[in-house]
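*Asks:* Okay, structure incoming, though there's no sequence with it:
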């Protein structure tokens, strides 16, 4: 396992009031949604920070002046829909010479360093790996060569994303492994479920 050739892409939005966790904000307000987003952002970074893999942070709007040091690099998300953004980030990362690449967002507080290691292990035996989310999407996608067809003609942010991606994997004869089902935080109900499972000071239900 040549970990120097492994990369984790992290897709994140620059934390701005009214621009993050908009579905969550519909019921709890923009300020609380921003606070929860910042919490999830910090949690995601605390997980990827302690992995030995290279990290590529793709920001939504701008690259901050102060960024992380060490095995990190930074980019801006491409224009277009989510599929185009992710496809472009995979292409750029493979073009830099990485041989196995994962992509995650910042919405899944259940991701662990162990899970990221497991995802790369799945890629030892398969062309792709996917982590299904409870809402029908996915919280992680990984591959060891570029497959742009996985991002074309998709209805993003729907309950059929995972199912449609599996269909594309099968149609393209791409071998894949599946990780555990985890829950993204998109709605107030998701957040309450997370708090019920995890005692978090500073946040009310």
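*Replies:* Sure thing, it's come through. A quick note: this is a predicted structure, and the numbers were derived from the prediction, not measured. Residues are numbered from 1 along each chain as shown.
*Asks:* Please enumerate the helices of the chain.
*Replies:* Using DSSP state H, the helices of the chain run over 22-28, 30-49, 82-95, 113-125, 161-171, 188-197.
*Asks:* Which among the ones you listed is found nearest to residue 102?
*Replies:* Comparison of the helices of the chain against residue 102 by Cβ to Cβ identifies helix 113-125 as nearest, at 5.5 Å. Every C-beta, even on glycine, is put in place using the N, C-alpha and C of the backbone.
*Asks:* returning to what we had before: any idea which of the helices of the chain gets closest to residue 10?
*Replies:* Between these, helix 30-49 lies closest to residue 10; by Cβ to Cβ that is 6.2 Å.
*Asks:* how about the helices of the chain in a markdown table, adding mean neighbour count and distance to residue 71?
*Replies:* A markdown table is the format used below for these (neighbours: other Cβ atoms under 10 Å; distance: least, Cβ to Cβ, whole Å):
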| stretch | mean neighbour count | distance to residue 71 |
| --- | --- | --- |
| helix 22-28 | 15 | 32 |
| helix 30-49 | 17 | 10 |
| helix 82-95 | 18 | 13 |
| helix 113-125 | 17 | 14 |
| helix 161-171 | 16 | 28 |
| helix 188-197 | 15 | 29 |
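*Asks:* mind putting the ones you listed in JSON lines, distance to residue 57 and mean pLDDT included?
*Replies:* Converted to JSON lines, the helices of the chain look like this (distance: least, Cβ to Cβ, whole Å; pLDDT from 0 to 100):
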{"stretch": "helix 22-28", "distance to residue 57": "21", "mean pLDDT": "94"}
{"stretch": "helix 30-49", "distance to residue 57": "9", "mean pLDDT": "96"}
{"stretch": "helix 82-95", "distance to residue 57": "10", "mean pLDDT": "98"}
{"stretch": "helix 113-125", "distance to residue 57": "15", "mean pLDDT": "97"}
{"stretch": "helix 161-171", "distance to residue 57": "23", "mean pLDDT": "98"}
{"stretch": "helix 188-197", "distance to residue 57": "23", "mean pLDDT": "92"}
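*Asks:* Many thanks, have a good one.
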